[in-house]
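Asker: What follows is a predicted structure for the sequence shown.
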Amino acid sequence: MRVAVLGGGHGAVATAGDLALRGHDVRLALRNRERFAEIFATRRIRLRGRIDGEAKVAGVTDDHAAAVEGADVVVVPLPAYAQEAMAERVAGALRPGQIVYLTTGTFGSYVFREALLRAGGTDVPVAENATLPYGARMSGPAEVTIGLLAAHLPAGVYPAVRTEEALGPVRELYPVTEPVEDALSAGLLNFDGALHAPLVFMNAGPIEWSDTFDIHVDGNPPSVVTVSVALDRERIALREALGYTSHHWPLEDLYSRVGETFYGVISRDRIERQSVWREKIDFHHRYVTEDVACGLALWASLGRRLGLPTPLADVFLTLASTVNGEDYAATGRTLEKPRARRPGRPRAAGEAARRMTEFGVQLHGTFPMRRYVELARTVESYPFHELTVHDVVWWRPVWPILTLIAEHTERVLVGPDVTHPYLRHPVDTAACIAALDELSGGRAILGLGAGSMLDRIEVQVERPLVAVRETAELVERFLSRDRTPYEGERFRAHADAQFYWEPLRPHVPTFVGAYAPRMVAEAPGWVDELRPPACGRRGSSATSSDGRARRRATSASGSAATCGSRSATTAARRARSAAGSSPSSWRCPASCPTSSSTRSIRPRPLPSARRCGRETSTARQGSSPTPPSTPSSLPARSPTSSPASSGCSRRRRRP
């Protein structure tokens with residue numbers, strides 16, 4: 001069978017080696033070429049422990065989408081928190097008839113398939129296991145040691161009606177696969193949250209003070225076992241409340257040393273003999289960032305929905321959130337937000353469009369640097385959706401300010417609004433936004449535009465449409481690790497122009513701030529969103545044949561600016577031509593479906609952008625070229641009554 005294995009470490013190498021050793025045609029995609037240089041060079045994997053032998057895979061690449069092409073089954077041995085990003089990365093490569101198989105899921109099959117659909121990918125069934133087929137760790141540059149081999153692999157499929165279609169090919173790879181009711185049933189069979197959370201947090205001292213620690217050999221005295229078993233009973237209670245009747249695989253059977261487990265009967269001496277888990281552990285290990293943030297967060301949210309108490313899950317969720325400074329109950333995988341939807345991305349095809357207004361705040365570099373911490377915290381204390389900073393060379397630089405904001409906020413989206421390609425190469429912009437995305441935990445957004453006030457240093461703003469479009473395309477290329485050579489009119493990149501590190505996401509939501517007619521017309525084809533400074537005529541934009549539109553089919557219907565007010569367009573034009581005049585005001589006509597408030601239009605050279613409908617309405621500060629006086633603090637006003645500046649538009653969505 002032709003198999004693609006998409007991963008980043010121990011599990012992917014073990015999977016590829018085992019399947020290749022058993023005669024399957026395996027293509028392995030790994031994220032870190034430097035770490036696995038020997039495997040990339042030789043295509044050979046040495047297996048030790050429960051499986052012994054040397055396997056040669058058909059191919060090794062760091063292009064996950066390329067590995068998917070032609071595969072019958074796409075095996076994804078990745079942590080739960082990486083599933084959505086991988087789905088987005090391979091969405092364009094999957095074809096009808098292929099099966100996606102998550103070797104452990106935590107309800108990841110739902111997350112993965114919904115991410116595929118949102119990215120415009122093929123509707124394929126996604127299967128997930130309750131546990132990993134292997135307990136494995138890398139023991140050399142091209143060697144993996146397998147301590148445990150699954151004897152039972154309960155698996156569910158999303159959607160459940162496609163269970164047999166998906167699990168038929170999976171059984172050819174793993175004959176011990178056992179179907180269960182659905183994907184959520186399989187996700188709730190994963191007891192790793194109950195196993196690992198007590199092992200980590202009840203051994204916090206030894207873990208922090210030791211260079212290496214084996215949680216399964218050194219970390220499970222009777223007190224830890226008692227807590228783990230009690231926590232696992234909360235999981236079983238959830239399954240029973242949901243009506244699942246398949247075997248619950250209680251953790252108690254693992255610790256009894258005589259009960260049947262996913263890996264057969266595991267005695268204490270067998271664990272000590274076969275252990276491969278002595279390693280350096282910290283509180284950002286996947287035992288926490290996956291098993292607590294995805295596993296226990298899901299259990300706790302289900303408990304709230306079902307009215308079942310989950311006191312121990314809540315305790316360990318709180319402990320992990322406190323230690324790591326992140327509220328996993330809000331940011332983790334929950335029933336309310338199982339997908340952890342990427343901000344600003346379009347909904348799946350066919351999903352009903354629900355309109356809501358979101359508000360944001362834009363700052364300039366006019367404040368002392370230390371003030372941005374206070375301002376960021378104040379903004380986040382209100383229900384604002386985003387906090388952006390305008391990139392103007394004559395004010396304080398934008399990226400240090402955004403770093404401060406990202407470090408001292410937990411919820412709002414952060415990014416430049418807008419930056420430009422005339423003083424900074426797109427590779428630098430891509431690196432900065434990827435680093436900000438990593439620092440903020442996936443909350444970065446990127447605003448691009450043509451820049452302003454560059455004439456003072458005699459920088460020529462030439463062909464802004466080309467420069468901004470190519471910047472957007474190159475940023476996406478660098479983030480997605482696309483190795484295709486780029487030949488633009490202004491910028492170029494060779495195939496080996498790649499970061500030496502892995503960005504958190506292959507795509508950061510990107511918008512263009514534009515008022516020029518051609519930019520307004522073409523930008524929706526190659527960015528997620530358009531933020532013009534005022535409403536334009538209905539149907540004023542068109543789908544661009546450039547950029548992302550070459551890679552993704554775009555709809556010819558819709559427009560970038562859909563408020564049909566001719567008077568609004570006239571008002572905007574007059575405001576832009578009236579340099580230095582006070583802002584004009586106008587009201588969206590009753591015919592505008594999102595008309596609700598009076599909005600002001602500010603003149604150039606710093607056009608404000610405004611969104612209405614489901615989009616963000618940005619309350620801008622200091623959009624005049626003359627820096628405003630520094631207030632002592634943000635005004636204590638209701639966010640819904642904050643002054644909005646300049647025009648409204650509903651962005652044209654990419655399908």
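Answerer: Yes, it's here.
Asker: Pull the residues that contact the strand or helix carrying Ser321.
Answerer: Assigned by DSSP states H and E, Ser321 belongs to helix 311-324. For helix 311-324, contacts defined as Cβ atoms under 8 Å, 6 or more residues apart in numbering pick out 193, 197-198, 201, 227, 230-231, 234, 283-284, 288-289, 292-293, 296-297, 299-300, 303, 327-329, 332. Bear in mind the C-beta positions are built from the backbone N, C-alpha and C, glycine included.
Asker: Give the buried subset of these as a ChimeraX selection command.
Answerer: Entered in ChimeraX, the line below selects the buried ones among the contacts of helix 311-324, by 16 or more other Cβ atoms under 10 Å:
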select :193,197,198,201,227,231,234,283,288,289,292,293,296,297,299,300,303,327,328,329,332
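Asker: which ones among the contacts of helix 311-324 are found in strands?
Answerer: Among these, no member is found in strands (DSSP state E).
Asker: next structured bit after the longest helix belonging to the chain?
Answerer: Longest helix in the chain by number of residues (criterion: DSSP state H): helix 222-241. Sequence-wise, the next helix or strand downstream of helix 222-241 (DSSP H and E) is helix 251-256.
Asker: Who are the packing partners of that next one?
Answerer: Contacting helix 251-256 under the criterion 3 or more Cβ pairs under 8 Å, 6 or more residues apart in numbering; DSSP states H and E are the following elements: helix 192-201, helix 222-241.
Asker: Ok, which of these comes nearest Ala521?
Answerer: helix 192-201 (50.2 Å; Cβ to Cβ).
Asker: And the contacts of the closest one?
Answerer: Against helix 192-201 from outside (Cβ under 8 Å, 6+ apart): 104, 131, 207, 215-216, 219-220, 224, 227-229, 231-232, 234-235, 251, 254, 281, 283, 285, 287-288, 290-292, 295-296, 299, 313, 316, 319-320, 323.
Asker: Run through the helices of the stretch 351-500 of the chain in chain order.
Answerer: Taking DSSP state H, counting those that start in this stretch as the criterion, the stretch 351-500 of the chain carries its helices at 371-381, 398-407, 426-440, 464-480.
Asker: Determine how far the third one lies from the middle of the whole chain.
Answerer: Remark: helix 426-440 is offset 14 Å from the chain centroid, using Cα atoms, centre = their mean, to the nearest Å.
Asker: ok, Glu522 touching Val466?
Answerer: No: using Cβ atoms under 8 Å, Glu522 is not in contact with Val466, being 10.4 Å away.
Asker: Which one of those two is surrounded by more residues?
Answerer: Glu522 (26 against 15; other Cβ atoms under 10 Å).
Asker: still on that earlier bit, and the helices and strands packed on helix 251-256 as a markdown table, adding distance to Val379?
Answerer: Shown next, in a markdown table, are those (distance: least, Cβ to Cβ, whole Å):
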| stretch | distance to Val379 |
| --- | --- |
| helix 192-201 | 33 |
| helix 222-241 | 37 |
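Asker: For Gly156, find the nearest of those helices.
Answerer: helix 222-241 (12.1 Å).
Asker: now for that closest one, which elements pack on it?
Answerer: helix 192-201, helix 251-256, helix 297-306, helix 311-324.
Asker: and it, average pLDDT?
Answerer: Averaged over helix 222-241, pLDDT sits at 95.
Asker: Please identify the buried residues of that helix?
Answerer: Buried, per 16+ other Cβ under 10 Å, within helix 222-241: 224-225, 227-229, 231-239.
Asker: And for stretch 246-262?
Answerer: For stretch 246-262, using 16+ other Cβ under 10 Å, the buried residues are Ser246, His248, Trp249, Pro250, Leu251, Glu252, Asp253, Leu254, Tyr255, Thr261, Phe262.
Asker: And the residues you listed, which two are furthest apart?
Answerer: Ser246 and Tyr255 (21.2 Å).
Asker: who touches the closest residue to Pro397 other than its chain neighbours in this structure?
Answerer: Spatial nearest neighbour of Pro397, excluding adjacent residues (Cβ to Cβ, 6 or more residues apart in numbering): Gly365 at 6.8 Å. Each residue near Gly365 by Cβ under 8 Å, 6+ apart is listed here: Val389, His390, Val392, Trp395, Arg396, Pro397, Val398, Ile401.
Asker: what's the answer for Leu474, then?
Answerer: Taking Cβ under 8 Å, 6+ apart as the test, what Leu474 contacts is Pro426, Val427, Ala430, Tyr486, Gly488, Phe491, Ala493.
Asker: before we move on, what about Thr484?
Answerer: Per Cβ under 8 Å, 6+ apart, neighbours of Thr484: Arg477, Ala495.
Asker: Quick check: pLDDT value at it.
Answerer: 85.
Asker: who touches the helix or strand Glu172 falls within?
Answerer: Element membership of Glu172, judged by DSSP H and E, is helix 163-173. Residues from elsewhere that reach helix 163-173 (Cβ under 8 Å, 6+ apart): 1, 3, 19, 24, 72-73, 75, 99, 101, 125-127, 155-157, 177, 179, 182.
Asker: and what of stretch 288-298?
Answerer: 79-81, 106-107, 187, 190, 192-193, 195-197, 200, 313, 316-317, 320, 323-324, 326, 328-329, 331-335, 338.
Asker: and those, which are buried?
Answerer: 79-81, 106-107, 187, 190, 192-193, 195-197, 200, 313, 316-317, 320, 324, 326, 328-329, 331-335, 338.
Asker: one step back: quick check: which of the buried residues of stretch 246-262 has the minimum pLDDT.
Answerer: Ranking the buried residues of stretch 246-262 by pLDDT, Tyr255 lands last with 77.
Asker: and the gap between that one and Ser228?
Answerer: 7 Å (Cβ to Cβ, to the nearest Å).
Asker: before we move on, what about Glu326?
Answerer: Relative to Ser228, and taking Cβ to Cβ, Glu326 is found at 23 Å.
Asker: next one: Pro141
Answerer: In terms of Cβ to Cβ, Pro141 sits 35 Å off from Ser228.
Asker: Kindly report the same for Gly488.
Answerer: Distance of Gly488 to Ser228, computed by Cβ to Cβ: 56 Å.
Asker: Equivalent analysis for Gly59, please.
Answerer: 41 Å.
Asker: got it, and Val418?
Answerer: Per Cβ to Cβ, Val418 is found 50 Å from Ser228.
Asker: where does the closest residue to Pro77 other than its chain neighbours fall, phi/psi-wise?
Answerer: Ranked by Cβ to Cβ, 6+ apart and with sequence neighbours excluded, the top spatial neighbour of Pro77 is Gly11, at 3.4 Å. Gly11 has phi and psi values of phi -60, psi -40 when expressed as degrees, to the nearest 10.
Asker: In this model Asn129 seems to touch Gly11, though I could be wrong.
Answerer: No: using Cβ under 8 Å, Gly11 makes no contact with Asn129, being 11.0 Å away.
Asker: more neighbours, these two?
Answerer: Between Gly11 and Asn129, counted using other Cβ under 10 Å, Asn129 has the larger neighbour count: 29 against 24.
Asker: residues touching the more buried one, list them.
Answerer: Tyr101, Leu102, Thr103, Thr104, Gly105, Leu153, Pro154, Ala155, Thr177, Ala186.
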